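Colleague: Provided below for reference: sequence and predicted model.
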Amino acid sequence: MIKFFAVFLVTMGSLFAQSEEPLLFLDANVADPILDSVPESEFKTDLANEPTPCSDPVNIVAPGCSAVIAPAPSSEQPTTLENPCAPCSDVVKRDPCAPGNHIQAGVNYTWLNITPEGLNSTTGSLGGLQAMYEYRLPETIYAGVAFSWRQGNTTGAQGSERSFCYIDLQERIGYSFEPICSRWNCSLFTGFGYRHHGEDVSEFTGASSVTFDYNQLYIPVGLIFDGKINRILTMGINFEWMPQVYPTVKISPLDGARWILDTELGNIRLGIPLTITPWEKKDWFFVVEPFFEYWQDGATTAVTPAGLALAIPKNNYYFAGFNVNAGYSF
């Protein structure tokens, strides 16, 4: 083995000795006449035209609006993300031309259970329509108007039946906050609401029906929270608390008098809207919203002018179903 290495070293030494030109070692401190003859500009690269990751945030501009171009970072300053919560590829500046007006309308299906205290409960299906207008942009006032109508029939034990009509009208005013991580939007609102329940009630087979017209004023307190799942799908949570402030009932055929009911504060609604925006322009959209709602009509201890106690029981309503809407933003 030692002999082999000796032969190898002798051979390599003879090769270096036979080379016509010496080996070239570059020294940064020694001037080179060839390199010095090349203009310095040939070595410079136009870095300003070279894209760098996250150097410019993506600007989404609506049709008819001029683009807002963020300045390129200085070479003396480190590049920073405008949104530390988002990955490099998803840094998006809020578009000042984004539409703030949203209108939608559609159809609904509802499963309903009515449970009066001390009486037979009834269940059935309702169908109807709804519509809503919203003004919603980040960091500004939120406003809206919502309308809903549902109607159908419910049945229960011993032949009990109820025809049911539901009308709800709501005005909203609130505030939309700055988006969280450029994805999640949150709005809080209150306002004024009106609810009507019209019921023709027959407690057993062959009994004559009695008509109840419930009318309630209430104060909605709501939360709207939603965020983008991907390019076309947005998922949200809509929650409302709806305490009553002036509930009444009109009974026919009791001379058409209107009776004040006990005020109920435990009324709530929860919806999970899924919004689909299939087109790039994103002005048209579709919404599918499963929902659950719990409502109470209070009891009354009022008596008629003849001294008969009305003894109207408290009603508990359980609504579950879904809304399907088409909408337009402008």
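Modeller: Received, thanks.
Colleague: tell me which element the spatially closest residue to Thr123 that is not a sequence neighbour falls in.
Modeller: Excluding its sequence neighbours, the residue lying closest to Thr123 (Cβ to Cβ, 6 or more residues apart in numbering) is Asn113, at 4.8 Å. The C-beta positions use only the backbone N, C-alpha and C, and glycine is treated the same way. Taking DSSP states H and E as the definition, Asn113 sits inside strand 101-116.
Colleague: Toward the C-terminus, what is the element adjacent to that strand?
Modeller: strand 122-135.
Colleague: after that next one comes which helix or strand?
Modeller: For strand 122-135, the succeeding helix or strand toward the C-terminus, using DSSP H and E, is strand 140-156.
Colleague: Give the other helices and strands that that next one contacts.
Modeller: strand 101-116, strand 122-135, strand 161-176, strand 184-202 (3 or more Cβ pairs under 8 Å, 6 or more residues apart in numbering; DSSP states H and E).
Colleague: between the last one and strand 140-156, how many degrees?
Modeller: By that I understand strand 184-202. Angle between the axes of strand 184-202 and strand 140-156 is 30 degrees (criterion: axes from the mean of the first three to the mean of the last three Cα atoms, to 10 degrees).
Colleague: buried residues in strand 184-202?
Modeller: Neighbour-count burial for strand 184-202 flags Asn185, Cys186, Ser187, Phe189, Gly191, Gly193, Arg195, His197, Gly198, Glu199, Val201, Ser202 (criterion: 16 or more other Cβ atoms under 10 Å).
Colleague: Which strands and helices lie in contact with it?
Modeller: strand 140-156, strand 161-176, strand 210-218, strand 221-228.
Colleague: Looking at that strand now, give me its mean pLDDT.
Modeller: Across strand 184-202, the average pLDDT comes to 96.
Colleague: how about the CA coordinates for that strand, as PDB?
Modeller: Taking Å, rounded to 0.1, in the frame of the first residue of the first chain, the C-alpha atoms of strand 184-202 are listed here in PDB:
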ATOM      1  CA  TRP A 184     -62.400  36.600   8.100                       C
ATOM      2  CA  ASN A 185     -65.100  39.300   8.200                       C
ATOM      3  CA  CYS A 186     -67.100  40.300  11.300                       C
ATOM      4  CA  SER A 187     -70.100  42.500  11.700                       C
ATOM      5  CA  LEU A 188     -72.300  43.300  14.700                       C
ATOM      6  CA  PHE A 189     -75.700  44.800  14.500                       C
ATOM      7  CA  THR A 190     -78.900  45.700  16.300                       C
ATOM      8  CA  GLY A 191     -82.100  47.300  15.000                       C
ATOM      9  CA  PHE A 192     -85.800  46.800  15.100                       C
ATOM     10  CA  GLY A 193     -88.000  43.800  14.200                       C
ATOM     11  CA  TYR A 194     -91.600  42.800  13.600                       C
ATOM     12  CA  ARG A 195     -92.900  39.200  13.800                       C
ATOM     13  CA  HIS A 196     -96.400  37.900  12.900                       C
ATOM     14  CA  HIS A 197     -97.700  34.400  13.600                       C
ATOM     15  CA  GLY A 198    -101.200  33.600  12.300                       C
ATOM     16  CA  GLU A 199    -102.700  30.400  13.500                       C
ATOM     17  CA  ASP A 200    -106.000  28.600  12.900                       C
ATOM     18  CA  VAL A 201    -106.200  26.100  15.700                       C
ATOM     19  CA  SER A 202    -108.400  23.000  16.100                       C
END
